[in-house]
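> have a look; sequence and predicted model below, questions after that.
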Amino acid sequence: MISIEEALQAVNLNSKEISKEIKVSIDKAVNSTLFKDVYSSINMPPFRQSAMDGYALNLHDDFTYSLIDEVKAGDNHQPKLKKGEAVRIFTGAAVPDSANAVIMQEKVTVKGNYITVESKLPTEHNIRQIGEQVKKGELALKKRTKLIPAAIGYLSSLGIHEVSVFKNPSIAIVTTGNELVEAGEPLTHGKIYESNSKMLQSALINLGFTDISIHKIKDDYTDTYSKLNDVIIENDLVIISGGISVGDYDFVGKALNELNVEEIFYKVNQKPGKPLFFGKKDSTLLFALPGNPAAALTCFYMYVFVALQKLTGIEGKGLVKVFAKSVSNYEKIGDRSLLLKASYKDGEVTILEGQSSAMLQTFAVSNALVKMSDGLDKIHVDDVIEVMLLPV
């Protein structure tokens, strides 16, 4: 049994990017990762641009200017201003070449065709210069940049309508268990509604992964072996829920061994999620998560998320970590590291009630995890502790 840190290191070392380039339209590229550097084909802004609504001036020594014209956003005419002349101008509009400052409208008094400014201005005041954001031919975004919505907007502003990105992994979710029935079906004695596949699928979609297939396996060795063989061949990542323990009807471990899946590790010194398996066959990664829902989701965020980052060309840093002041007391029982569901807000973190690995009710209202490692036995109110933020 290995530590959390050893498990994370093993996932990082054994997860390699899918070095396959695909081209996608910019409106479908969100959450993808750039496969190559992107260079700007234009200056941004492409012209001297007003930073606000106001008046463009050809500066002189007086405070009064004669108003000769107006320039709206999108206008392409170029009024010629003499010294002491001004034009009405609006945010984003092209500043005439003969103007050398813009003053905001709140600092101007207007009387007929004349304006009076409150104070003298420096040259180029409130003017966005050509190429101020990025110049033609300059690097706009580096390879391996994740295309968050702001990046999509930025590239779109440069006229880019298609980008080369890393191919997102094809992912199979496999659930096991004779006790599982689908929502909407009658719930007979001894059965439970299957939730892990929908939970994991939602977590993947929330992270931007959509090439997902879901497979159901009964507690039968032949079926387990056959289905796992198929999904390993067809996918980059296989996530198995349940069947990895050592019960009489837990066939996943035996099937993986017969399929010559290399075991990287099995069992992590943590709670929840001790019976976690990570392995690979050829280029396919496999995670066998515990069947208990909260344990499965915890392992997904802690380890599968890291593998997904690496597969898509991003450094496998995992969850974002911050420091926060605890508003809870908590004492660890036992020697396993704990991964506690928590609520983080405004620099404070609350460790929630209901930490059972089988219960999702607490997870449903959490947005963070708190790790209590081997050397940390107690958390006191006002302790500053490390918090891992969930991508919710």
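Perfect, I can see it now.
> use CA for all of it now, contacts and neighbours both
Will do.
> and the lengthiest helix in the chain, what's buried?
The single longest helix within the chain, with elements called by DSSP state H, is helix 221-234. Residues 221, 224, 225, 227, 228, 229, 231, 232 are the ones in helix 221-234 that count as buried (16 or more other CA atoms under 10 Å).
> make a markdown table out of those and add distance to residue 80 and pLDDT.
What follows is the buried residues of helix 221-234, written out as a markdown table (distance: CA to CA, whole Å; pLDDT from 0 to 100):
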| residue | distance to residue 80 | pLDDT |
| --- | --- | --- |
| 221 | 84 | 87 |
| 224 | 79 | 90 |
| 225 | 79 | 92 |
| 227 | 75 | 94 |
| 228 | 74 | 95 |
| 229 | 74 | 96 |
| 231 | 69 | 97 |
| 232 | 69 | 97 |
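> residue 6: which of these is nearest?
residue 232 (24.9 Å; CA to CA).
> thought that closest one was touching residue 283?
No - checked against CA atoms under 8 Å, the pair residue 232 and residue 283 is beyond contact range at 9.2 Å.
> now residue 299, what's its secondary structure?
Classification of residue 299 by DSSP: H, G, I helix; E, B strand; the rest coil places it in helix.
> which stretches in the stretch 151-300 of the chain count as helices?
Using DSSP state H, counting those that start in this stretch, the helices assigned to the stretch 151-300 of the chain run over residues 196-206, 221-234, 252-258, 293-299.
> these: lowest mean pLDDT?
Among the helices of the stretch 151-300 of the chain, helix 252-258 carries the lowest mean pLDDT, a mean of 89.
> which residues of the stretch 201-350 of the chain fall in strands?
Shown for the stretch 201-350 of the chain, the strands assigned by DSSP state E, counting those that start in this stretch span residues 212-217, 237-241, 262-266, 270-271, 277-281, 284-289, 320-326, 330-331, 337-345, 348-351.
> who are the contact partners of residue 129?
By CA atoms under 8 Å, 6 or more residues apart in numbering, the residues touching residue 129 are 45, 47, 48, 49.
> adding neighbour count and distance to residue 298, write those out as a markdown table.
Output for the contacts of residue 129, formatted as a markdown table (neighbours: other CA atoms under 10 Å; distance: CA to CA, whole Å):
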| residue | neighbour count | distance to residue 298 |
| --- | --- | --- |
| 45 | 19 | 45 |
| 47 | 19 | 50 |
| 48 | 22 | 51 |
| 49 | 23 | 49 |
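> ok, back up a step: could you dump the strands of the stretch 201-350 of the chain into JSON lines with mean neighbour count added?
JSON lines is the format used below for these (neighbours: other CA atoms under 10 Å):
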{"stretch": "strand 212-217", "mean neighbour count": "16"}
{"stretch": "strand 237-241", "mean neighbour count": "25"}
{"stretch": "strand 262-266", "mean neighbour count": "16"}
{"stretch": "strand 270-271", "mean neighbour count": "23"}
{"stretch": "strand 277-281", "mean neighbour count": "20"}
{"stretch": "strand 284-289", "mean neighbour count": "26"}
{"stretch": "strand 320-326", "mean neighbour count": "16"}
{"stretch": "strand 330-331", "mean neighbour count": "14"}
{"stretch": "strand 337-345", "mean neighbour count": "22"}
{"stretch": "strand 348-351", "mean neighbour count": "22"}
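> so which of those comes closest to residue 10?
strand 262-266 (7.2 Å).
> quick one: work out the angle between that closest one and strand 284-289.
Orientation check (axes from the mean of the first three to the mean of the last three CA atoms, to 10 degrees): strand 262-266 against strand 284-289 gives 30 degrees.
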